[in-house]
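Colleague: Need coordinates for the following:
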Amino acid sequence: GGNFDIVSRESLLLVNNVLLSVAGGAVLIGTLYPLFLDALDLGKISVGVPYFEAVFVPLMVPLVALIGIGPFASWKAARKADFPAALKWMAAAVAAAAVAVPFALGQWSAMTAFGLFLGFWVIGATAVQLWERGRGGSTGLGARLASVPRAQWGMLLAHAGVGVFILGVTMVKSFESSADVRMAAGDSTTLGGYTFTFKGIEELNGPNYIAARAHIEVSRNGSVVRTMEPEKRIYAVQRMPMTEAAIDTGLFRDLYVSLGEAIDQETWIVRVQYKPLVDWIWWGCLLMALGGLLAISDRRYRIAARKEAGLPAGGLAERA
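Modeller: Residues are numbered from 1 along each chain as shown. As a prediction, this is how the structure comes out:
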């Protein structure tokens, strides 16, 4: 039960700032270096996804891990007693879930399990912190939760957003699928457990375009989910074909269907895509933004800001 200065909240914040600075610098270099070479006529290079994944991800992994334990650590020196036992049991539970989910989905990989663990870990640690604030005491649960400052609610919301974001990215990267299929009326293809059946094409006139609209029936386990209607448009002014994809958004997946080139009047190249949890990426970002707004709305910060603004003026008055 001795002190562990290395895991004090002060130390964690220092590590957090260092990791963010290094990651930001790496992203900045990767973004500007190709532009710099091009401006000096020294050649053209492309810095793409592999670079950012190789540099950014290893720096973010320890940062995400620290998100879970940081709120429980004390300033200056943290003791083992500062970290609730529920945190340990939660870590074991999310590790088991992270291993089990890819198996259940039929495509297990270590990287998928690791990404799911990070997402589950952040969300689980946030839930443990909320549990610790709500349990015990002589007042009711509602009163105890109402006493939690806005700043802390904002932190909890933002941390949950990080976890949701990580889960979305992990699932999309691991389980998304797409196919370009030659289809005529009556043809079908299966992707992500959904069957896409091409019902035919109709021509229509829009306000400033003409279009070929496909009718594609989407079914799952024999039941029709919906009919998607992607279009290929030609606008009167531009006279260039434009693709209008059909999107079916759901809580756990998005489906995309778009028309490619026409083989003949009845046969088209159709692109279908299945992206699990893709909307969770945007929801995670939204939760992080809402958490930040909620935190800065805490009146304690406004009072502190007013006091800081008044200090210089008071000091000058005293000296005068």
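
Colleague: Now for Ile216: which residues touch it?
Modeller: Contacts of Ile216 were listed using Cβ atoms under 8 Å, 6 or more residues apart in numbering, and they are 196-199, 227-230, 246, 257, 270. In short, each C-beta sits where N, CA and C put it, glycine included.

Colleague: So which of those residues belong to strands?
Modeller: 196-199, 227-228, 246, 257, 270 (DSSP state E).

Colleague: Quickly name whichever of the residues you listed is closest to Pro58.
Modeller: Of all the ones in strands among the contacts of Ile216, Val257 has the smallest distance to Pro58: 36.7 Å, by Cβ to Cβ.

Colleague: doesn't Met228 make contact with that closest one?
Modeller: Yes. Using Cβ atoms under 8 Å, Val257 makes contact with Met228 at a distance of 4.7 Å.

Colleague: what does stretch 275-293 contact?
Modeller: With Cβ under 8 Å, 6+ apart as the criterion, stretch 275-293 contacts 153-169, 171-172, 175-176, 192, 249, 251-256.

Colleague: Do a quick rundown of the helices in the stretch 1-150 of the chain.
Modeller: With DSSP state H, counting those that start in this stretch as the criterion, the stretch 1-150 of the chain has helices at 9-39, 49-69, 85-104, 110-134, 141-146, 150-175.

Colleague: Could you save these as TSV and add columns showing distance to Ala214?
Modeller: Below are the helices of the stretch 1-150 of the chain laid out as TSV (distance: least, Cβ to Cβ, whole Å):
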stretch	distance to Ala214
helix 9-39	39
helix 49-69	31
helix 85-104	34
helix 110-134	33
helix 141-146	51
helix 150-175	25
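
Colleague: Could you identify which of those has the lowest mean pLDDT?
Modeller: Set side by side, the helices of the stretch 1-150 of the chain differ in mean pLDDT, and helix 9-39 is lowest with a mean of 65.

Colleague: From the contacts of stretch 275-293, list the buried ones, please.
Modeller: Buried by 16 or more other Cβ atoms under 10 Å: 153-169, 171-172, 175-176, 192, 253-256, out of these.

Colleague: contacting residues around the nearest residue to Leu294 once chain neighbours are set aside?
Modeller: Distances taken as Cβ to Cβ, 6 or more residues apart in numbering put Gly154 closest to Leu294, at 3.6 Å, once the chain neighbours are dropped. Gly154 sits next to 290-298 when contact means Cβ under 8 Å, 6+ apart.

Colleague: Next, count neighbours for Thr243.
Modeller: Residues lying near Thr243 (other Cβ atoms under 10 Å) number 12.

Colleague: now Gly284
Modeller: If we define neighbours as other Cβ under 10 Å, then Gly284 has 23 of them.

Colleague: ok so, going back, pLDDT check: weakest of the contacts of Gly154?
Modeller: Asp298 (73).

Colleague: burial count for that one?
Modeller: Neighbours of Asp298 using other Cβ under 10 Å come to 16.

Colleague: Relative to Gly206, how far out is it?
Modeller: Separation of Asp298 from Gly206 (Cβ to Cβ, to the nearest Å): 50 Å.

Colleague: now do Pro276
Modeller: Look at Pro276 and Gly206: by Cβ to Cβ, they are 33 Å apart.

Colleague: neighbour-wise, which of the two wins?
Modeller: Pro276 (21 against 13).

Colleague: Could you give the backbone dihedrals for that one?
Modeller: Main-chain torsions, Pro276, degrees, to the nearest 10: phi -80, psi 140.

Colleague: The one 4 residues further on now?
Modeller: With angles defined as degrees, to the nearest 10, Trp280 shows backbone torsions of phi -60, psi -30.

Colleague: Not counting sequence-adjacent ones, nearest residue to it?
Modeller: Leaving aside its chain neighbours, Trp280 sits nearest to Gly168 (3.1 Å; criterion: Cβ to Cβ, 6+ apart).
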